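S.K.: Here is a sequence with its predicted model. Questions after.
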Amino acid sequence: MPNLHDIERRISSVSSTKQITRTMEMVAAAKIRKSTERVEAATPYSESMMEMLGSVASRVQGGQSALLRRHEEIKNVLIVVVVSDRGLAGGFNSNVLRRAEGLMRENQAAGASCQIVACGKKSAGYFNYRNVKPVLEFKDLSADPTVEEASAIATFAIDGYVNNEIDEVVLVYNHAKNAAEQVLRVEQVLPVNADDLQGDAEGTSGEASLPGDVEFEPSAEAVLDMLLPAYVRTTIFHALVDSAAAEQAARRAAMKSATDNANEMVETLTRLYNRVRQGAITTEISEIVGGAAALEE
């Protein structure tokens with residue numbers, strides 16, 4: 001059985017850890033609101049972009065745009081993996097990384113090669129350790145993603161797709177369903193699905209947008225070709241800010257769980273300390289009584 005000094009030292013250590021986890025929980029809770037506000041601010045633009053793109057696509061033959069055309073054979077797949085720069089967020093990173101690695105194995109089994117865009121230090125470290133060199137790496141931006149980051153990813157993906165160097169682009173990230181729950185998402189970014197766009201455009205407004213005769217300058221095809229890259233950038237940026245909100249929510253939940261576990265451990269150690277102390281006192285009293293009895297004899 002441990003002595004009193006060992007138990008006191010362990011109680012002190014657990015209490016110190018509890019203070020850290022409690023502080024991190026409060027910091028994450030404060031950041032959730034800011035991250036959620038960014039998602040709410042980006043969502044209307046993303047929905048409007050999708051609605052407008054769907055309306056234009058309905059007036060254009062989809063096969064005429066390079067970003068709408070599906071490649072006959074999937075030989076090269078680009079997987080954009082969005083995780084955090086730091087840990088201590090439960091299964092937030094591991095769920096995404098395992099799913100991305102699973103996608104790699106599935107595509108490789110089908111005869112396709114895979115490239116990785118690593119968003120977050122944990123993603124870059126994970127794949128570099130497995131000798132998979134990401135084609136793009138972004139660090140120190142997971143909690144506060146930028147438009148420039150999304151533009152760089154979109155430019156690389158679009159150029160590769162148009163030049164037939166990439167046949168499919170997939171996003172893997174955590175969606176912040178609410179402040180307490182995150183949902184793993186796998187979204188295909190390229191090729192853009194024109195049918196989904198038109199369906200979303202009609203579902204958003206209840207009817208097809210831009211009714212009646214619409215004139216496009218210089219042409220509907222040219223407008224569509226300008227909107228599609230913007231749509232890809234918007235989709236990627238929305239995924240980045242969504243993941244940032246999910247990261248803070250996951251970290252708060254993980255730190256709350258760690259704080260609760262620390263409280264339980266302190267209570268258990270305190271009970272053990274009291275039992276050991278009581279046993280020591282009882283032993284001392286017994287020794288004193290025994291010594292006094294021996295002297296009387």
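M.R.: Sure thing, it's come through. Numbers count the residues shown, from 1 in each chain.
S.K.: which stretches of the stretch 1-150 of the chain form helices?
M.R.: 4-57, 92-109, 121-129, 147-162 (DSSP state H, counting those that start in this stretch).
S.K.: Least reliable of those by average pLDDT, please.
M.R.: Mean pLDDT is lowest for helix 4-57 out of these, coming in at a mean of 80.
S.K.: Just list what that helix packs against, helices and strands only.
M.R.: strand 168-176, helix 194-205, helix 220-296 (3 or more C-beta pairs under 8 Å, 6 or more residues apart in numbering; DSSP states H and E). In short, each C-beta sits where N, CA and C put it, glycine included.
S.K.: from the ones you listed, which stretch is densest packed?
M.R.: strand 168-176 (a mean of 24; mean count of other C-beta atoms under 10 Å).
S.K.: Cross-check the contact I'm expecting between residue 79 and residue 116.
M.R.: Yes. Counting by C-beta atoms under 8 Å, residue 116 is a contact partner of residue 79 at 5.6 Å.
S.K.: Need the overlap of contacts for these two.
M.R.: Contact criterion C-beta atoms under 8 Å, 6 or more residues apart in numbering; residues shared by residue 79 and residue 116: 100, 104.
S.K.: follow-up on the earlier one: could you dump the helices of the stretch 1-150 of the chain to CSV with distance to residue 168 and mean neighbour count?
M.R.: Listed next are those as CSV, based on distance: least, C-beta to C-beta, whole Å; neighbours: other C-beta atoms under 10 Å:
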stretch, distance to residue 168, mean neighbour count
helix 4-57, 19, 16
helix 92-109, 8, 18
helix 121-129, 18, 20
helix 147-162, 8, 18
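S.K.: Distance to residue 288 for the ones you listed - can I get that in CSV?
M.R.: Putting the helices of the stretch 1-150 of the chain into CSV (distance: least, C-beta to C-beta, whole Å) gives the following:
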stretch, distance to residue 288
helix 4-57, 19
helix 92-109, 58
helix 121-129, 60
helix 147-162, 73
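S.K.: Can you give me the domain boundaries for this protein?
M.R.: 4-26+254-296, 29-252 (automatic domain parsing).
S.K.: Which one, of the helices and strands packed on helix 4-57, ends up nearest to residue 25?
M.R.: Nearest to residue 25 among those is helix 220-296 (3.7 Å), distances taken as C-beta to C-beta.
S.K.: Relative to the whole chain's centre, how far out is the closest one?
M.R.: 20 Å (C-alpha atoms, centre = their mean, to the nearest Å).
S.K.: That one packs against which elements?
M.R.: helix 4-57, strand 76-82, helix 92-109, helix 147-162, strand 168-176, strand 182-190.
S.K.: So which of those is nearest residue 275?
M.R.: helix 4-57 (9.8 Å).
S.K.: what angle sits between the closest one and strand 168-176?
M.R.: Between helix 4-57 and strand 168-176, the angle comes out at 130 degrees (axes from the mean of the first three to the mean of the last three C-alpha atoms, to 10 degrees).
S.K.: Could you look up the SS state of residue 215?
M.R.: At residue 215 the chain is in coil, as set by DSSP: H, G, I helix; E, B strand; the rest coil.
S.K.: could you dump the helices and strands packed on helix 4-57 to a markdown table with distance to residue 185?
M.R.: Listed next are the helices and strands packed on helix 4-57 as a markdown table, based on distance: least, C-beta to C-beta, whole Å:
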| stretch | distance to residue 185 |
| --- | --- |
| strand 168-176 | 5 |
| helix 194-205 | 15 |
| helix 220-296 | 8 |
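S.K.: And the ones you listed, which one averages the lowest pLDDT?
M.R.: Looking at these, the weakest mean confidence is helix 194-205, a mean of 55.
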